[in-house]
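Chemist: A predicted structure for the sequence below; I have some questions about it.
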Amino acid sequence: MISAIILAAGESKRMGQPKMLLPWGKTTVLGHVISIFQRAGIEDIIVVVGGARTHVEEIVKQHGVRSIFNADFENGEMLPSLQRGLEAQSPQAQAALIGLGDQPQVQEGTVRLVCETFKRMQPKIVVPSYQMRRGHPWLVERSLWDELLAMRPPRSPRDFLNEHSREIQYVEVSTSSILADLDTMEEYKKARP
């Protein structure tokens, strides 16, 4: 079983307001990301929350998925959120798919491709790539979780991927959506459907 961790604990400082709550289509930025993962067939989804916790948890409940609180969210680092998500995994999970809550441009086909590549080839890590650039969501097999859990800042998930570069199975995608997230109001307005 593949479980998903959606990282949604940031404070949205550059956006100036909680970006997970911004409208996106008929839902919110975070709601859309959760829906994409669900439509791609992922049943076990954990959303790591922090900033705007109460409101973000409401979105999580509306979509029938789980949440975990990252008490260390104010440091702005991705690693503690990823670690909270890994700690909350069910024993049945063979791999964790790591997505960004502020990446509503992510496509269902990309999520499916990453998961199907893992099921078919059983690599330790699967990463989508667009024009030789790594993006999200990426997948890590359970045998490497302890290493991620043992990491401490300033080391980051990027360092982890660099250290395991030989074990990564890349999947080429034809869309830059794997690289796009929403950090500023300008980016949001430009990308909003």
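Modeler: On my side now, so go ahead. Numbering: from 1, shown residues only.

Chemist: from the middle of its chain, how far away would the least confident helix or strand in the chain by mean pLDDT be?
Modeler: Every helix and strand of the chain was ranked by mean pLDDT, DSSP states H and E. The lowest is helix 185-191, at a mean of 94. Distance of helix 185-191 from its chain centroid, counting by C-alpha atoms, centre = their mean, to the nearest Å, is 20 Å.

Chemist: ok, residues contacting it?
Modeler: For helix 185-191, the surrounding residues in contact (C-beta atoms under 8 Å, 6 or more residues apart in numbering) are 15-16, 19, 22, 29, 104-105, 180-182. (C-beta placed from N, C-alpha, C; glycine too.)

Chemist: These: which two are farthest apart?
Modeler: Gly16 and Gln105 (20.3 Å; C-beta to C-beta).

Chemist: circling back: adding distance to Lys189, write the contacts of helix 185-191 out as a markdown table.
Modeler: Converted to a markdown table, the contacts of helix 185-191 look like this (distance: C-beta to C-beta, whole Å):
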| residue | distance to Lys189 |
| --- | --- |
| Met15 | 11 |
| Gly16 | 12 |
| Lys19 | 12 |
| Leu22 | 10 |
| Val29 | 13 |
| Pro104 | 13 |
| Gln105 | 14 |
| Ala180 | 14 |
| Asp181 | 14 |
| Leu182 | 10 |
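
Chemist: Lowest-confidence one in those residues?
Modeler: Taking the contacts of helix 185-191 together, the minimum pLDDT is found at Gly16 (87).

Chemist: any idea where the strands of the protein begin and end?
Modeler: 2-8, 23-24, 27-28, 44-49, 66-69, 95-100, 125-130, 133-134, 138-141, 168-172 (DSSP state E).

Chemist: So which of those is the most surrounded?
Modeler: Using mean count of other C-beta atoms under 10 Å, the stretch among these with the greatest mean number of neighbours is strand 2-8 (a mean of 26).

Chemist: Give me the distance between it and the centre of its chain.
Modeler: Using C-alpha atoms, centre = their mean, the offset of strand 2-8 from its chain centre is 5 Å.

Chemist: oh, and call the first residue 6 from now on, that's how I've got it
Modeler: In the new count, where the first residue is 6, that last one comes out as strand 7-13.
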